[in-house]
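Colleague: Give the three-dimensional model of this entry:
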Amino acid sequence: MDISSILQKEELNKEDLIFLLGRTEQDELKQLYNAAYEVKKEWVGNVDYYRGLLEFSNRCIKNCNYCGIRRDNGEVERFDTPREDILIMARWCYEQQYGSVTLQSGERQDEAFIDFVEGLLRDIKSIGNGALGITLCVGEQTKETYQRWYNAGAHRYLLRIESCNPKLYATLHPQDGHHKWDVRKACLDSLAEIGYQVGTGVMIGLPGQTLEDLAEDILFYKKQNIAMIGMGPYVVHHNTPLGKKVCEAGLDTAEARAERLRLSINMVAVTRLFLKDVNIAATTAMQTLHPLGREMALKAGANILMPLVTLPQFRSQYQLYDNKPCLEDGQEQCRNCLSARVASVGDTVGWGKWGDSPHFFNNLK
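Modeller: A predicted model of the protein is given here:
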């Protein structure tokens, strides 16, 4: 197969996706990333949008095998950000013209949490007369809960499927009845039925994961009519079952991490080529594996960035993986740093705009 001929095709098939994902030669990678960036410019523009990321609580009922804030990690000091402080940071995002915020936390399903999030959404929507777009990333909930939050002002929801392969998904979670692939998939369906712009994504470079798995993930995005995609490399957390297993097997070498990053950038590029008008995030995990990881993703087709606005005193307690960057940066510093990164790749920032997924609206027509 020849990469040039595949990149010129109007429609890519599964075999094409697998071929492109597997590219490793620098010349071929350059062709792949350049082609993806051209599609980005044509379909969503070389404008990158901010989602001020507010990690407001690390309490979690789930016990995922890879996650640093899993329920059984006793090393983590649990926190809940006071409502007033969340609103101060949301207002800061509004004043800085971020356009949108993302509210993220560990997963809870109790009524107190549901009520808290509902009230928080209404309070944030009162800032600037509804000026801020809101993405929620707070896990699996009932359809009724999703509807309440939608009615309160959330309009985007990110729930990563982690892998569309149920067998691979099972290796990431304890088999305790609380981590079911079918339940997660049903949540994505419920969110779409309510009217959210639905986001999902996968971890890339997992033990046992194949190029075919990743190609199937991209096909899953299309089948589910996903509007926004947040995906990135698997990054080890030292105090998790999966992290310990990976390290003991010698699978977290510098070479292995570089391979996971390359595969992740390939996923961004191939997803952009296949799903032209979706939003794709340049995730922080990419920067964890390379100082310019997020710039690499932007140049390969990503168009969403999530500057950290979590309160500084809580950041070290919200580490899903080791060596998370920007923990010491103030929000002003993070804003300026990301703006410089965007400018360095020739893009501009969509200040004051929600930056919704064109795909979502194109599918309403």
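Colleague: show me what contacts H290?
Modeller: By C-beta atoms under 8 Å, 6 or more residues apart in numbering, the contact set of H290 is A258, L261, M296. All C-beta spots, glycine's among them, are computed from the backbone N, C-alpha and C.
Colleague: out of the residues you listed, which are inside strands?
Modeller: Cross-referencing these against strands under DSSP state E gives no overlap.
Colleague: which residues in this protein form strands?
Modeller: So, for the chain - with DSSP E - the strands run 47-50, 52-57, 100-105, 133-137, 156-158, 197-200, 203-204, 228-229, 232-233, 279-280, 304-305, 348-349.
Colleague: tell me what the third one is packed against?
Modeller: I take that to be strand 100-105. For strand 100-105, the packing partners by 3 or more C-beta pairs under 8 Å, 6 or more residues apart in numbering; DSSP states H and E come out as strand 52-57, helix 83-95, helix 111-125, strand 133-137.
Colleague: Ok, which of those comes nearest E144?
Modeller: Closest approach to E144 among the helices and strands packed on strand 100-105 is made by helix 111-125 (9.2 Å; C-beta to C-beta).
Colleague: what helices or strands is the closest one leaning on?
Modeller: Secondary-structure packing of helix 111-125 (3+ C-beta pairs under 8 Å, 6+ apart): helix 83-95, strand 100-105, strand 133-137, helix 143-152.
Colleague: Let me have these in CSV, adding distance to E248 as columns.
Modeller: Below are those laid out as CSV (distance: least, C-beta to C-beta, whole Å):
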stretch, distance to E248
helix 83-95, 39
strand 100-105, 30
strand 133-137, 31
helix 143-152, 39
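Colleague: Output the ones you listed as CSV; include the columns mean neighbour count and distance to H238.
Modeller: Below are the helices and strands packed on helix 111-125 laid out as CSV (neighbours: other C-beta atoms under 10 Å; distance: least, C-beta to C-beta, whole Å):
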stretch, mean neighbour count, distance to H238
helix 83-95, 17, 29
strand 100-105, 24, 22
strand 133-137, 24, 24
helix 143-152, 17, 33
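Colleague: right, and the ones you listed - which one's nearest L159?
Modeller: Closest among these, using C-beta to C-beta: strand 133-137, at 7.4 Å.
Colleague: The closest one to strand 100-105, inter-axis angle?
Modeller: Interaxial angle of strand 133-137 relative to strand 100-105 (axes from the mean of the first three to the mean of the last three C-alpha atoms, to 10 degrees): 20 degrees.
Colleague: Show the average pLDDT along strand 133-137.
Modeller: Across strand 133-137, pLDDT averages out at 98.
Colleague: Need the contact partners of it.
Modeller: Strand 133-137 has contacts (C-beta under 8 Å, 6+ apart) with 51, 99-105, 117, 121, 124-125, 149, 153-159, 199, 354-356.
Colleague: now do stretch 168-186
Modeller: Contacts for stretch 168-186 (C-beta under 8 Å, 6+ apart): 61-66, 140, 159, 161-163, 166, 203, 206-209, 213, 242.
Colleague: cool, and stretch 237-249?
Modeller: By C-beta under 8 Å, 6+ apart, the list of residues contacting stretch 237-249 reads 65-68, 70, 73, 75, 171-172, 207, 236, 252, 319-322.
Colleague: which ones are touching G130?
Modeller: Contact analysis of G130 by C-beta under 8 Å, 6+ apart lists G153.
Colleague: can you give me phi and psi for it?
Modeller: The phi and psi values for G130, taken as degrees, to the nearest 10, are phi 80, psi 20.
Colleague: on that earlier part again, looking at the helices and strands packed on strand 100-105, which is nearest to L273?
Modeller: Closest to L273 of the helices and strands packed on strand 100-105 is strand 133-137 (C-beta to C-beta; 24.5 Å).
Colleague: Can I get that closest one in PDB? Just the C-alpha atoms.
Modeller: Extracted in PDB, the C-alpha atoms of strand 133-137 (Å, rounded to 0.1, in the frame of the first residue of the first chain):
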ATOM      1  CA  GLY A 133     -20.400  27.000  27.300                       C
ATOM      2  CA  ILE A 134     -20.300  24.000  29.700                       C
ATOM      3  CA  THR A 135     -18.900  20.500  29.200                       C
ATOM      4  CA  LEU A 136     -19.500  18.000  31.900                       C
ATOM      5  CA  CYS A 137     -17.200  15.000  32.600                       C
END
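Colleague: which residue ranges form the helices in the stretch 251-365 of the chain?
Modeller: Along the stretch 251-365 of the chain, the stretches classed as helices by DSSP state H, counting those that start in this stretch are 254-274, 284-289, 293-299, 312-315, 331-344, 358-362.
Colleague: which of the residues in the shortest one are buried?
Modeller: For helix 312-315, the buried set under the neighbour-count rule, 16 or more other C-beta atoms under 10 Å, comprises F314, R315.
Colleague: thinking again about what came up before, Throw the helices and strands packed on strand 100-105 into JSON lines and include distance to T283, thanks.
Modeller: Formatted as JSON lines, the helices and strands packed on strand 100-105 follow (distance: least, C-beta to C-beta, whole Å):
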{"stretch": "strand 52-57", "distance to T283": "10"}
{"stretch": "helix 83-95", "distance to T283": "19"}
{"stretch": "helix 111-125", "distance to T283": "23"}
{"stretch": "strand 133-137", "distance to T283": "12"}
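Colleague: Great, nothing more from me.
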